[in-house]
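Asks: Quick one: sequence and predicted model below, then my questions.
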Amino acid sequence: HISLTGPLPETMGNMSSLVSVALLFNGLGGELPGSLFRLKKLRVIRIVGISSPTTLSYNTTEGELEMAWSLPSNVGDIEDTQLKRIVLQNSFVGTIPSWIAKLKRLEVLNLQMNNFEGAIPEAIGDLSSLKYLNLMGNNLTEPIPSSLGKSDAMEVLILGNNQLQGELPASIGNLRKLQYIDLGSNKMTSTIPSSFENLESLKYLVLESNRFNGTVDVLESMKNLTVLLIRSNSFSGFLPDELFSGTFDNIFVDVGDNKLTGDLPASFANMSNLVSLIGPKNSFAGSATTEAVCDNTDPTNFIMDCDACECCEICCDGENDAVCGFQLDVRTHKIYMVRGFLL
């Protein structure tokens, strides 16, 4: 164990043969040197801090180091760099600079669990090689830029636990390779765009705890969908009859606290891979749940409103019933593993 403190020197840019930087759980901090991003052979930057950045800062005026990091506002010419993976977690503050979009070979950008604020740069859509974008757990505001729809290599898009507002861009429906979308716990207000019917590779859709509305008919075209978390919105209408009909993987569903009506899809009675079904605080019909669905589902992972499920062993009986607040949290369980991106 080596105890290091202070900022990284600008002279790191002289290490012309450097291919990887990994700084884990140390006392370093300050603004990353711009010269680091100009190194021609550098492939990976990984910096993981020791604590949350919300209470830490780097005071350059008084020379007082308190371990928070930030990205440089300018890095110069980086068009020819080979950077493929940037992982910065737990200790960064400030804004996400638009020059990141110049890293044309970047495949992984993971800035989760920091205190980045402001907007997601519009230019980020120019990252044509980007496969994995994770900005979860920051303080990002403003709408999601529609330019993200140009990143057609994207497989994983995780923007949950921020303060994002506005509509869900229809251009996201252009990302036909997308397998994971997590926009949960934001302040977004719109319907699910009809263009999402193009997302036939999508496996995980997390839109919980927003202000989304409209129907969920477009979900029927997502034949590979296995995780659907849309709790605490204002979705209305019926769940599509063919929902989850194209997958044999384990299925996890939380549609609680919406305005859904009608019956549960009859196909649920024949899905042996339906692991969890959470749907209280809706307006489902009194006949919404058949005995066959109850028999096919683990009673400890199957919760509906009592008046919509006579056969449920556990049900929500009014606002004051603690059962009504139960929800799935895939982020802390193995069902939210992003395969192929070992970070």
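Replies: Received the coordinates, thanks.
Asks: I'd say R105 and T81 touch.
Replies: Yes. Counting by Cβ atoms under 8 Å, R105 does reach T81; the two are 7.3 Å apart. (C-beta placed from N, C-alpha, C; glycine too.)
Asks: who has more neighbours, these two?
Replies: A side-by-side neighbour count of R105 and T81, using other Cβ atoms under 10 Å, places T81 first with 20 against 15.
Asks: Then the more buried one would be within a strand, right?
Replies: No. Assessed with DSSP: H, G, I helix; E, B strand; the rest coil, T81 is coil; it does not lie in a strand.
Asks: what's it in contact with, if anything?
Replies: For T81, the contact set (Cβ atoms under 8 Å, 6 or more residues apart in numbering) comprises 37-40, 42, 103, 105.
Asks: can you put those residues in JSON lines and add distance to A153?
Replies: Output for the contacts of T81, formatted as JSON lines (distance: Cβ to Cβ, whole Å):
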{"residue": "F37", "distance to A153": "21"}
{"residue": "R38", "distance to A153": "24"}
{"residue": "L39", "distance to A153": "24"}
{"residue": "K40", "distance to A153": "23"}
{"residue": "L42", "distance to A153": "21"}
{"residue": "L103", "distance to A153": "13"}
{"residue": "R105", "distance to A153": "11"}
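Asks: and the residues you listed, which two are the farthest apart?
Replies: Spanning the widest gap among those are R38 and R105, at 13.9 Å by Cβ to Cβ.
Asks: what about the closest residue to S195 other than its chain neighbours, is that helix, strand or coil?
Replies: The shortest distance from S195 to any non-neighbouring residue, by Cβ to Cβ, 6 or more residues apart in numbering, is to G173 (2.6 Å). Classification of G173 by three-state DSSP places it in helix.
Asks: who are the neighbours in contact with the residue nearest the centre of the chain?
Replies: For the chain, I158 is the residue whose C-alpha lies nearest the centre (Cα atoms, centre = their mean; 2.3 Å). Going by Cβ under 8 Å, 6+ apart, I158 touches 112, 133-136, 180-182.
Asks: now with 10 Å?
Replies: 110, 112, 132-137, 180-184, 204, 206, 331, 336, 338 (Cβ atoms under 10 Å, 6 or more residues apart in numbering).
Asks: now, which of those lie within strands?
Replies: 110, 132-134, 180-182, 204, 206 (DSSP state E).
Asks: so how many other residues sit close to P121?
Replies: 17.
Asks: Quick check: the gap between it and S147.
Replies: As judged by Cβ to Cβ, to the nearest Å, P121 and S147 stand 9 Å apart.
Asks: and what of R231?
Replies: Distance from R231 to S147, by Cβ to Cβ: 29 Å.
Asks: Compare neighbour counts for the two and give me the winner.
Replies: More crowded of R231 and S147, by other Cβ under 10 Å: R231, with 25 against 18.
Asks: Now do the strands in the stretch 51-200 of the chain.
Replies: 58-59, 64-65, 69-70, 85-89, 92-94, 108-110, 115-118, 132-134, 139-140, 156-158, 165-166, 180-182, 187-188 (DSSP state E, counting those that start in this stretch).
Asks: Output the contacting helices and strands for the third one.
Replies: Same thing as strand 69-70. strand 30-31, strand 92-94 (3 or more Cβ pairs under 10 Å, 6 or more residues apart in numbering; DSSP states H and E).
Asks: lowest-confidence stretch among these?
Replies: Averaged per stretch, pLDDT over those is lowest on strand 30-31, reaching a mean of 90.
Asks: Pull up the pairing partners for that one, direction included.
Replies: strand 69-70 (parallel) (DSSP bridges).
Asks: got any residues that touch both of R105 and T81?
Replies: Common neighbours of R105 and T81 (Cβ under 10 Å, 6+ apart) are R43.
Asks: what pairs with the residue nearest to the centre of the chain across the strands?
Replies: Here I158, judged by DSSP bridges, has bridge partners N134, D182.
Asks: For it, give its distance to V216.
Replies: 21 Å.
Asks: pLDDT score for the residue lying closest to T11 once chain neighbours are set aside?
Replies: Closest residue to T11 apart from its sequence neighbours, by Cβ to Cβ, 6+ apart: S35 at 7.6 Å. Looking at S35, its pLDDT is 94.
Asks: doesn't S35 fall inside a strand?
Replies: No. Assessed by three-state DSSP, S35 does not belong to a strand; its assignment is helix.
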